[in-house]
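> requesting a structural model of the entry that follows:
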Amino acid sequence: MKDHLHRCQWACKDPIMQHYHDTEWGVPVFDSRALWEKLILDGFQAGLSWRTILLKRDAFREAFEGFVPERIAEYNDLDIERLLGNAGIVRSRMKIRAAIQNANAYISLHNRGENFSDFVWSVVDHQPLSGDGGTLATRSTAGDLLSQKLKNNGFSFVGPVIVHAWLQATGVINDHEALCFRRNEVALHHG
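The predicted model follows:
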């Protein structure tokens, strides 16, 4: 039975994307490790559909040992080959190496006394931004700024388009369409 809720256009036709939209996309994430996991997954998504990543997310979590940065930072060539042999994930040597590099960058930030969540949310003064409710943009001032900050701190595969999509997914930017039933709901999550 079809519900009659107004959703963002991109989430209307596919039940997997609709569920993701209705339960997860745009909800503010403040947990450092969860933010980092989503950043890594957004990097793997580059050039692919987010649906592909959602279908493989459990396999990614298993292959990357729960996305614990301290574990991934220690990965070596054998781990890279193990991951390249895993058909359950996106097998890209460049993206796997970026995940390892980003684990090290995450730890480096932490070792300098910077909380990753605070680092991310500082670009919006720790308050979610509201998009205009119109067409989904592929870049934003906040995304451009954070992309540069991440690169300056040793992260890779964090271009402005990837970072903007990540900020949308993690609720740093509320980009639900103006009439979408989730727009106000996710805004309340920050409260």
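> buried sites along the longest helix along the chain?
Using DSSP state H, we find that the single longest helix of the chain is helix 93-111. Neighbour counts using 16 or more other CB atoms under 10 Å place 95-96, 98-107, 109 of helix 93-111 among the buried residues. Heads up, the C-betas are built off the backbone N, CA and C, glycines and all.
> out of those residues, flag the one nearest to G154.
The nearest member of the buried residues of helix 93-111 to G154, counting by CB to CB, is A105 at 3.8 Å.
> quick check: pLDDT value at the nearest residue to the closest one once chain neighbours are set aside.
Nearest non-adjacent residue to A105, counting by CB to CB, 6 or more residues apart in numbering: G154, 3.8 Å away. Predicted confidence (pLDDT) at G154: the value is 98.
> for G154, list the residues it contacts.
Q101, N104, A105, S108 (CB atoms under 8 Å, 6 or more residues apart in numbering).
> repeat for W121
Counted by CB under 8 Å, 6+ apart, W121 has contacts F30, V172.
> secondary structure element for it?
Taking DSSP states H and E as the definition, W121 sits inside helix 116-121.
> and the gap between the spatially most central residue of the chain and G85?
Centroid-nearest residue in the chain: K38, 3.2 Å away (criterion: CA atoms, centre = their mean). As for K38, its distance to G85 is 25 Å (criterion: CB to CB, to the nearest Å).
> what are the phi and psi angles of I173?
Torsion angles at I173 (phi, psi; degrees, to the nearest 10) stand at phi -120, psi 120.
> what is the burial count for it?
23 (other CB atoms under 10 Å).
> tell me the confidence at it?
pLDDT, I173: 96.
> quick one, what contacts it?
Applying CB under 8 Å, 6+ apart, the residues near I173 are V124, P128, L129, S130, G131, S140, A142, G143, H164, L167.
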